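I would like the atomic coordinates for the input below:
(one chain, ligands or ions: 1)
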Amino acid sequence: MLLTIVANLFGQNHQTGNALQEQQKSIIAIAALTAQGNLGALKTALAKGLDTGLTVLKIRECLVHTYAYCGFPRSIRGLQTFMEVLEDRKLRGIRDSIGPDADPIQQRGSKYERGKKILNELTKAPQDRPLTGYSVFAPVIDTFLKEHLFADIFERNILSYAERELVTISVLSAIGRAEPMLRSHFSICLNVGLTPNALYEFVDVIHITLGEKEAENAKTVLNELLGSNQTTTKPYQTVASEIFHKGEKVASNHFTGTVWLHMLVHTDTIFNTNAGNVTFEPGARTHWHAHPGGQILLVTNGKGRYQELGKPVMEIRKGDIIKCEPGVVHWHGAAPDSELTHIAIGVQQEKGAVKWLEPVTDKEYRQ
Ligand code: MN
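As a prediction, this is how the structure comes out:
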């Protein structure tokens with residue numbers, strides 16, 4: 001294979017430290033589409049979730065969990081859609097893994113107290129203060145919340161707290177106008193092991209799954225919580241993690257748009273390798289070109305595009321690694337709505353300099 005994209009080089013996404021894994025991204029898409037009742041797109045997301053190795057019972061539990069945040073009707077429509085997807089896959093001979101179910105609940109004692117304890121773990125805030133606000137006005141909903149949601153549901157160990165919280169923030173982002181709850185649950189996400197980077201990647205998945213409006217809203221809440229001053233004009237740019245200097249604007253007519261370069265390694269006769277930190281503004285890209293000795297791209301930030309001649313355009317993002325073989329005609333650059341930074345490693349420089357070709361037209365870029 002000429003092109004190798006290794007998103008998770010070591011099984012986990014070590015490039016970014018703690019970015020989301022494919023199964024987590026699937027959980028987000030499934031929960032968000034269930035909440036909006038977009039059953040057509042949900043079918044695709046469910047199938048993709050199964051393909052990533054999520055078990056039938058884990059997905060079933062995600063759909064059950066949604067009901068606490070968007071109600072029985074959406075949750076049950078989600079479950080019915082899932083049954084259709086499973087039936088269809090069965091007919092096509094796909095054998096999906098059912099997986100283990102939740103263990104029976106062993107806990108004893110007051111369910112209210114158990115729910116309180118779990119809520120305490122999630123929020124890292126003691127729950128023994130006197131009730132305030134809506135809990136005083138409608139004490140019964142406080143009881144339902146603690147006994148049912150945080151005891152009955154959260155005690156089911158088939159999903160981790162982090163997975164349940166991903167379902168929750170997905171539903172809250174999808175239904176909208178629940179900002180205080182979304183903020184609280186973003187905060188819980190941080191307490192159960194998800195990183196700020198992972199939460200910005202969550203916003204990315206919401207953007208791809210639901211659209212710009214939902215992603216903007218979620219990002220605004222997340223920025224407020226994290227005290228980040230990221231502008232909302234570039235909502236899909238992930239958290240900047242600049243390791244190397246951005247360098248200078250490249251004065252070259254082999255690029256479309258603005259590109260910055262900071263050379264990290266100059267070639268020599270021992271290594272025959274150079275390396276540069278390259279940043280493309282949104283929409284910027286190289287012309288078509290080929291490297292006689294080949295090239296390795298390590299994507300360190302943002303989102304972009306990569307294409308080899310005669311093949312489809314591929315989306316690339318932070319953490320992706322691309323090996324472009326010697327002589328293969330290709331181009332690379334940023335996505336229309338995000339910067340892209342990659343480290344470009346030119347190997348086997350003794351084989352000669354880059355062969356530059358035509359610009360990548362807008363039509364080719366937008367494919
Ligand atoms: Mn190249």
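
And the helices in the stretch 1-150 of the chain, which stretches?
22-36, 39-51, 56-91, 111-123, 134-137, 139-143 (DSSP state H, counting those that start in this stretch).

Comparing the ones you listed, which stretch has the densest surroundings?
Highest mean neighbour count of the helices of the stretch 1-150 of the chain: helix 22-36, a mean of 25 (counted as mean count of other Cβ atoms under 10 Å). Glycine gets a C-beta too; all of them are placed from N, C-alpha and C.

What average pLDDT does it get?
Helix 22-36 carries an average pLDDT of 97.

mind saving the C-alpha coords of stretch 119-128 as PDB?
C-alpha atoms of stretch 119-128 as PDB (Å, rounded to 0.1, in the frame of the first residue of the first chain):
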ATOM      1  CA  LEU A 119     -22.700  11.900  42.300                       C
ATOM      2  CA  ASN A 120     -20.100  12.800  44.900                       C
ATOM      3  CA  GLU A 121     -17.500  10.800  43.000                       C
ATOM      4  CA  LEU A 122     -18.500  12.300  39.700                       C
ATOM      5  CA  THR A 123     -18.600  15.900  40.700                       C
ATOM      6  CA  LYS A 124     -15.800  15.700  43.400                       C
ATOM      7  CA  ALA A 125     -18.100  17.900  45.400                       C
ATOM      8  CA  PRO A 126     -19.600  16.700  48.700                       C
ATOM      9  CA  GLN A 127     -23.300  16.100  48.300                       C
ATOM     10  CA  ASP A 128     -24.200  16.600  52.000                       C
END
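
Format the helices of the stretch 1-150 of the chain as TSV; extra columns: distance to Thr300.
Rendered in TSV, the data for these read as follows (distance: least, Cβ to Cβ, whole Å):
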stretch	distance to Thr300
helix 22-36	20
helix 39-51	26
helix 56-91	32
helix 111-123	33
helix 134-137	45
helix 139-143	46
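
So which of those helices is nearest Tyr161?
helix 111-123 (6.4 Å; Cβ to Cβ).

What are the contacting residues of stretch 64-79?
30-31, 34-37, 39, 42, 60, 63, 148-149, 153, 159, 164, 167-168, 171-172, 174-175 (Cβ atoms under 8 Å, 6 or more residues apart in numbering).

Tell me the secondary structure of the spatially most central residue of the chain, please.
Centroid-nearest residue in the chain: Glu201, 3.9 Å away (criterion: Cα atoms, centre = their mean). Three-state assignment for Glu201 (DSSP: H, G, I helix; E, B strand; the rest coil): helix.

Sounds good, over and out.
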